[in-house]
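Q: I would like the atomic coordinates for the input below:
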Amino acid sequence: MNANIAKGNWQRLKGAVMARWGSLTGDRLRVASGRHQQIAGRLHVAYGVAQLQLKRQMASIERRSAIRRNV
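A: Numbering: from 1, shown residues only. Coordinates of the predicted model:
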């Protein structure tokens, strides 16, 4: 697991809790802040997934080029 994915999941959880608490207490600003934090968490997760995919693709290209050099 990538660190960005873990951070993003944590941010999403904190944002959900914050938004829920804001809705229970009637604090609209806290609800908005919680939703903002959830979105930021989703972006962290997406960035982390993109990083992992890029690393996998680069490893695949390196493996294929190494095979071609050996042949």
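Q: Packing partners of the lengthiest helix in the chain?
A: Longest helix in the chain by number of residues (criterion: DSSP state H): helix 28-70. Helix 28-70 makes packing contacts with helix 3-25 when contacts are defined by 3 or more Cβ pairs under 8 Å, 6 or more residues apart in numbering; DSSP states H and E. For every residue, glycine as well, the C-beta is placed using N, CA and C.
Q: Now Ala6: closest residue in space, sequence neighbours ignored.
A: Gly48 (7.9 Å; Cβ to Cβ, 6 or more residues apart in numbering).
Q: just to revisit the earlier point, relative to the whole chain's centre, how far out is the longest helix of the chain?
A: With Cα atoms, centre = their mean, to the nearest Å as the basis, the distance from the averaged C-alpha position of helix 28-70 to the chain average is 7 Å.
Q: Now do Lys7: how many residues are near it, please.
A: Here the number of neighbours of Lys7 (other Cβ atoms under 10 Å) works out to 16.
Q: Verify the stated contact: it with Leu43.
A: No: the pair Lys7 and Leu43 fails to qualify as a contact (Cβ atoms under 8 Å) at a distance of 10.5 Å.
Q: Give the burial count for the residue nearest to Ala6, as a bare number.
A: With neighbours defined by other Cβ under 10 Å, the count for Gly48 comes to 19.
Q: Also Arg56?
A: The criterion is other Cβ under 10 Å. On that basis, Arg56 has 10 neighbouring residues.
Q: Now for it: which residues touch it?
A: With contacts taken as Cβ atoms under 8 Å, 6 or more residues apart in numbering, Arg56 has no neighbouring residues.
Q: which residue is nearest the centroid of this protein?
A: Val45 (0.8 Å; Cα atoms, centre = their mean).
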